[in-house]
Each structure stands twice: as C-alpha cells, then as structure tokens.
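Asks: just to be clear, the model below is a prediction. Sequence and coordinates:
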Amino acid sequence: ALPGDDAGWDALALEAVRSARSAGRLVPGLGHPVHKVEDPRTPVLIRIAEEEGLRGPHLRLFEAVGRVHDQVLGRRLPLNGAGVCGAALADLGLPVELLRGFALLARAAGLLGQLAEERRRPIGMDAYLAVDRNAVYVEPDQEDPAWPR
C-alpha cells in the first residue's frame with residue numbers, strides 16, 4: 001500500500017535515503033551546480049504533472065526525498081529538473097532502459113546549451129582560473145578533513 005499523505009511519503013523517503021546513505025550510494029536527482037537553493041524548473045514540472053493528473057508515486061516519493069534528505073545528509077540539496085523529469089516519466093510507465101536514454105539525451109542537450117552559451121559569452125577560462133587560484137591541492141593518499149564524507 002502506498003502512503004496516503006505527505007507524512008507517509010516522508011517516512012518512506014527517509015527510510016530510502018538512510019538506506020542509500022548507509023550503502024554508500026548517492027540519491028540521484030539531487031543537487032545542481034548552478035541552482036544551489038532551488039532549480040527553477042522543478043516546481044514548474046511538478047505543477048504540470050499535477051495539472052495533467054500525472055503526479056504519481058515516483059514523483060511523490062522524489063518530492064518527499066527532497067523534503068527529508070537533509071535530515072540524513074545534514075545539508076539541503078535541491079531537487080533538479082532531470083530528477084523530476086525521470087520520476088514523472090517513470091509514473092508514465094516508461095521502463096528503466098528508456099529513462100536512462102532520456103537522461104542521456106537531457107545531459108547532451110544541457111551540454112550543447114552550455115557550449116552555445118560559452119561561444120556567445122566566453123567565461124570558461126575565468127572560471128577555471130578562479131578555481132585554480134583557490135584550489136588546495138593534496139596528495140591522493142592524504143585525507144582532507146574539510147572534504148565531506
């Protein structure tokens with residue numbers, strides 16, 4: 001039986017996130033290198049799924065993961081648009097093999113968009129230099145206490 005309310009979904013999500021964390025796995029669909037607080041696509045995609053009557057168990061669980069994972073990780077990671085799309089497509093009944101293909105296409109489209117933006121307004125070298133100047137290099141066999149585990 002699936003949960004009937006947000007509290008039930010949150011309990012299920014908390015169990016799933018704790019299980020993934022204890023197994024050393026990352027929960028996919030969380031975090032975004034640009035949108036640190038919220039991916040602006042996420043609420044729009046959820047609203048569209050709701051309006052179309054397609055807000056099923058995969059999307060509800062994914063939303064719950066977004067609400068509870070900070071209780072396990074100790075920090076908030078926003079749900080990203082690709083994760084929401086994957087959950088919505090799973091609710092449509094697409095098999096995992098197709099979902100992986102869609103994820104690959106989404107990543108390729110994002111890369112093409114980033115390349116086009118870089119050609120229009122180059123910032124890549126500035127970003128590289130800023131990171132390089134501020135990087136703290138350590139030997140591969142040394143542990144860095146500042147690195148999150």
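Replies: Structure's in. What do you need? Numbering: from 1, shown residues only.

Asks: how many neighbours does residue 57 have?
Replies: Neighbours of residue 57 under the rule other C-beta atoms under 10 Å: 14. (Each C-beta comes from the backbone N, C-alpha and C, glycine too.)

Asks: quick one: the helices in this structure, in order.
Replies: 6-22, 41-51, 57-73, 81-91, 96-120, 124-134 (DSSP state H).

Asks: can you tell me how far residue 79 sits from residue 48?
Replies: 15 Å (C-beta to C-beta, to the nearest Å).

Asks: more neighbours: which of those two?
Replies: Between residue 79 and residue 48, counting by other C-beta under 10 Å, residue 79 is the more crowded of the two (26 against 13).

Asks: what's the closest non-adjacent residue to the more buried one?
Replies: Residue nearest to residue 79 in three dimensions, not counting chain neighbours: residue 66, with 4.1 Å by C-beta to C-beta, 6 or more residues apart in numbering.

Asks: ok, how many other residues are close to that neighbour?
Replies: There are 23 residues near residue 66, going by other C-beta under 10 Å.
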